[in-house]
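S.K.: From the sequence below, what's the structure:
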Amino acid sequence: MAEVVLYDYWRSTASWRVRIGLHLAGIAFESRAVDLLHGDQRAAAHLARSPQGLVPVLDIDGIRLTQSLAMLDYLEATGRIALTPADPAQAARARAVALGIACDIHPVCNLRVVAHAAALSGRDETKAEWMRAFIRPGLEAIEAMLDAQGPFAMGDTLTLADLCIVPQLYNAARWGVQTNDLPRLTRVAAHCATLDAFQKAEARAPQTT
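M.R.: Numbers count the residues shown, from 1 in each chain. Sure thing, here's the model as predicted:
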C-alpha cells in the first residue's frame, strides 16, 4: 500500500490539481474515492478526515492535509515541486490566477451550491444555467490575466496557475461553456495536455464491473 493516500473524487477540480502536483513530484499515491454524488463526503468517516466535508484530503509524511492549494504549497515547501516563479511579480501574478479560479470561480460552482440553487428554483435546468453564468465570465477574466506568450500561463515556466486552469477548463466543457475563443487559455490547455503529469492526472470515470 502506498504511504501517500489521496481521498478524492474523479471529477473534482480541486482533487485534480493535487493529482497533477503529485505526478509532477513523482510521488506514488493511493487514490481512495469519495463519491460526491452518493454523499460519501457527508459520512462520519470522511468528516473525521475533513471537517468541511470536502475533497481532496491528503495523507502524507504522517500528517493529514485539506485544501488543494495548501497541499500544493506543502509539496513545494518540502522540495518536491517548484511552482512559484523566482520573480516576485510573476509569482504574485501566478498566485492571482490560481486564486481567481480556486476562490472565485470554483466555490460558486461547487456541487452543493449548484444543487441548492436548483432546489430553490425547482428546476433541474438551473444547474447548467448557473454554471454557465459564473464559469464563462470568470474565465474571461482569467484569460486577460495570462501572458500573451506561452506556452504556460505565465510564459515559459510551469506554475500553480497551470494546475488550476486545466481542471477548470474541463469543468467548463462539461457544462457547455465555450472557451475555444479564449486563445491564451486554449494554448495553456493544449501544451499541458502534452505533459506526462497532466495526462496521468486526467479525470477518468471509475471502472464498473
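
S.K.: any idea where the strands of this structure begin and end?
M.R.: 5-8, 30-33, 57-60, 63-66 (DSSP state E).

S.K.: do you know which of those strands lies nearest residue 131?
M.R.: strand 5-8 (20.7 Å; C-beta to C-beta). Bear in mind the C-beta positions are built from the backbone N, C-alpha and C, glycine included.

S.K.: for that closest one, packing partners?
M.R.: helix 13-25, strand 30-33, strand 57-60 (3 or more C-beta pairs under 8 Å, 6 or more residues apart in numbering; DSSP states H and E).

S.K.: Please identify the most buried of these.
M.R.: helix 13-25 (a mean of 24; mean count of other C-beta atoms under 10 Å).

S.K.: which strands and helices sit next to that one?
M.R.: strand 5-8, helix 68-77, helix 160-174, helix 196-201.

S.K.: roughly how far out does the third one sit from the chain middle?
M.R.: Pointing back at helix 160-174 there. Helix 160-174 sits 6 Å away from the centroid of its parent chain (C-alpha atoms, centre = their mean, to the nearest Å).

S.K.: Reformat the strands of the chain as JSON lines; add mean pLDDT.
M.R.: Shown next, in JSON lines, are the strands of the chain (pLDDT from 0 to 100):
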{"stretch": "strand 5-8", "mean pLDDT": "98"}
{"stretch": "strand 30-33", "mean pLDDT": "96"}
{"stretch": "strand 57-60", "mean pLDDT": "98"}
{"stretch": "strand 63-66", "mean pLDDT": "98"}
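
S.K.: what sits against residue 108?
M.R.: residue 134 (C-beta atoms under 8 Å, 6 or more residues apart in numbering).

S.K.: could you measure the residue in the chain sticking out farthest from the centre against residue 114, distance?
M.R.: Within the chain, residue 122 marks the point farthest from the mean C-alpha position, 29.1 Å out by C-alpha atoms, centre = their mean. Per C-beta to C-beta, to the nearest Å, residue 122 is found 14 Å from residue 114.

S.K.: now the angle from the lengthiest helix in the chain to helix 160-174?
M.R.: Counting residues, the longest helix found in the chain (DSSP state H) is helix 126-145. Helix 126-145 runs at 140 degrees relative to helix 160-174, counting by axes from the mean of the first three to the mean of the last three C-alpha atoms, to 10 degrees.

S.K.: Give me the residues contacting helix 126-145.
M.R.: Under C-beta under 8 Å, 6+ apart, the answer for helix 126-145 is 93, 96-97, 100-101, 104-105, 108-109, 114-115, 117-118, 165, 168-169, 171-172, 175-179, 182-185.

S.K.: Report the buried members of these.
M.R.: Buried subset of these (neighbour count, 16 or more other C-beta atoms under 10 Å): 93, 97, 100-101, 105, 109, 114, 117-118, 165, 168-169, 171-172, 175, 177, 179, 182, 184-185.

S.K.: re earlier: now the strands of the chain in CSV, with distance to residue 205?
M.R.: Formatted as CSV, these follow (distance: least, C-beta to C-beta, whole Å):
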stretch, distance to residue 205
strand 5-8, 13
strand 30-33, 11
strand 57-60, 21
strand 63-66, 24
